[in-house]
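J.: need coordinates for the following:
(one chain, ligands or ions: 2)
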Amino acid sequence: MLESSPGGARRQPLSDPFGRGITYLRVSVTDRCDFRCVYCMSEDMTFLPRKDLLTLEELDRVCSAFVRLGVRKLRLTGGEPLVRRGIMDLFRNLGRHLRSGDLDELTVTTNGSQLARYADELYEAGVRRVNVSLDTLDPDRFRAITRWGRFGQVMDGLRAAKEAGLGIKINAVALKGVNEDELDRMVEWCGEQGFDLTFIEVMPMGDVGDDRLDQYLPLSLVRSRLAQTWTLEESAYRTGGPARYFNVRETGGRLGFITPLTHNFCESCNRVRMTCTGTLYMCLGQQDSADLREVVRNSESDAPLDEAIREAISRKPKGHDFVIDRRRGRISVPRHMSVTGG
Ligand code: SAM
Ligand code: SF4
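T.: Numbering: from 1, shown residues only. Ligands and ions are numbered 1, 2, ... in the order given. Alright, predicted model coming up:
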């Protein structure tokens, strides 16, 4: 199907072997972060040497190649994308694709710590919505979960984002015994603030030192508990990803559940992910990848890059392989979320 746009003529998106059009690219722009969330990183993470990272110019070049090949939505993530030096230049430059009509949406997933500083600039660059990760409304718990984060700083960031006119979706990882008693309150608070909210099931990615089975809280349970307080009306809203959405009648807010372990969302998958070193993963739950950094660094012409992207998409697998090995508590995908970008 050819996509149409208010701006320019739409490009036919690249199609994978299962006929899924690839219209969404998520890019991790750094593996570094100013927080150390317990489910995401160990406290003593080793980060990549800077020379391994794509430069901001290289990131622009690769993102622009994807836009040329039909990607309509770009999300910058990390690590914490807003701690990368010069990152606003990348947002501003990518904004040209919004103005030309080649891109529908440029967006970011952030922990919110730098939003007070950057909210206005993000809006000026063309960003209209941000995802902010926040697992608790309790400052002490926030400190325990993020290890290094400051709750007040994130609240200031959210306020600034709202004032700048950015739409806000809160992402909260549901953690057994940690924030499960607060999830009702979060639905209420997001309703009051005018924020959408999505709960995420903890995923088996990377060794973070804690036992995954201790953190795992099935969202089916969360949903049935919430349904005792809230009227959850199933929504037709879809993003092609692993989220199912509901409208909360009492608050008027949208509530999503991302359940990669308990539901199969792969049939509608429209996305690929690139790490900050230019490694393209065709599936969040699989190891197969393509090295775009070598291609970018070896040629000034964009033709080899376009060809490498086409070739990678032709290898996109049908589905993922997440498993928590319950006997040994082992994980099935060894990279950290901060590498692939959530
Ligand atoms: N630093 C930014 C942030 O926290 O929003 C962007 C990167 S972070 C890796 C993206 C999302 O992945 C966050 O919402 C985070 O809560 C989520 N995440 C990280 N590790 C996870 C895990 N093991 N299971 C489920 N979600 C995870
Ligand atoms: Fe940093 Fe985001 Fe990972 Fe937390 S979830 S450690 S904020 S990258």
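J.: and the stretch 1-150 of the chain, which residues reach ligand 1?
T.: 33, 39-40, 77-78, 80, 109-111, 133 (CB under 6 Å from any ligand atom). Yep, even glycine has a C-beta here, placed from its N, CA and C like the rest.
J.: tell me which residue of the stretch 151-300 of the chain lies closest to ligand 2.
T.: Val173 (7.9 Å; CB to the nearest ligand atom).
J.: quick one: that residue is in a strand?
T.: Yes: counting by DSSP: H, G, I helix; E, B strand; the rest coil, Val173 is found in a strand.
J.: quickly list what it is bridged to.
T.: Val173 has these beta-bridge partners by DSSP bridges: Ile200.
J.: verify the contact between it and Tyr39 for me.
T.: Yes: with contact defined as CB atoms under 8 Å, Val173 counts as touching Tyr39 (5.8 Å).
J.: do you know how far the residue lying closest to Pro17 once chain neighbours are set aside is from Cys33?
T.: Closest residue in space to Pro17, ignoring its immediate chain neighbours: Ser314 at 6.3 Å, by CB to CB, 6 or more residues apart in numbering. Distance of Ser314 to Cys33, given as CB to CB, to the nearest Å: 33 Å.
J.: and for Pro242?
T.: Per CB to CB, Pro242 is found 23 Å from Cys33.
J.: what residues are up against the residue in the stretch 101-250 of the chain that ligand 2 sits nearest to?
T.: Taking CB to the nearest ligand atom as the measure, the point where the stretch 101-250 of the chain comes nearest ligand 2 is Asn111, at 3.5 Å. Residues counted as contacts of Asn111 (CB atoms under 8 Å, 6 or more residues apart in numbering) are 33-35, 37, 80, 132-133, 146, 149, 154.
J.: how deep is the closest residue to Asn171 other than its chain neighbours tucked in, by neighbour count?
T.: Closest residue to Asn171 apart from its sequence neighbours, by CB to CB, 6+ apart: Ser133 at 4.6 Å. Using other CB atoms under 10 Å, Ser133 has 24 neighbouring residues.
J.: same question for Asp306.
T.: Neighbour tally, Asp306, other CB under 10 Å: 16.
J.: quick check: phi and psi on it?
T.: The phi/psi pair for Asp306 (degrees, to the nearest 10) reads phi -60, psi -40.
J.: how close does it get to ligand 2?
T.: 30 Å (CB to the nearest ligand atom, to the nearest Å).
J.: number the chain from 8, please
T.: Shifting the count to begin at 8 puts that one at Asp313.
J.: was I right about that residue contacting Phe73?
T.: No: with contact defined as CB under 8 Å, Asp313 does not count as touching Phe73 (9.4 Å).
J.: and the stretch 58-207 of the chain, which of its residues are near ligand 2?
T.: So the stretch 58-207 of the chain meets ligand 2 at 85-87, 118, 140 (CB under 6 Å from any ligand atom).
J.: could I get these as JSON lines with secondary structure and pLDDT?
T.: Below are those laid out as JSON lines (DSSP: H, G, I helix; E, B strand; the rest coil; pLDDT from 0 to 100):
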{"residue": "Gly85", "secondary structure": "coil", "pLDDT": "96"}
{"residue": "Gly86", "secondary structure": "coil", "pLDDT": "97"}
{"residue": "Glu87", "secondary structure": "coil", "pLDDT": "98"}
{"residue": "Asn118", "secondary structure": "coil", "pLDDT": "98"}
{"residue": "Ser140", "secondary structure": "strand", "pLDDT": "98"}
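J.: any stretches of this protein with poor pLDDT?
T.: Residues of the chain that meet the criterion pLDDT under 70 lie in 8-16, 211-220, 268-272, 327-349.
J.: do a quick rundown of the helices in it.
T.: Assigned helices in the chain, in chain order: 63-75, 94-106, 122-132, 146-153, 158-171, 190-200, 219-222, 226-233, 299-305, 310-320, 344-347 (criterion: DSSP state H).
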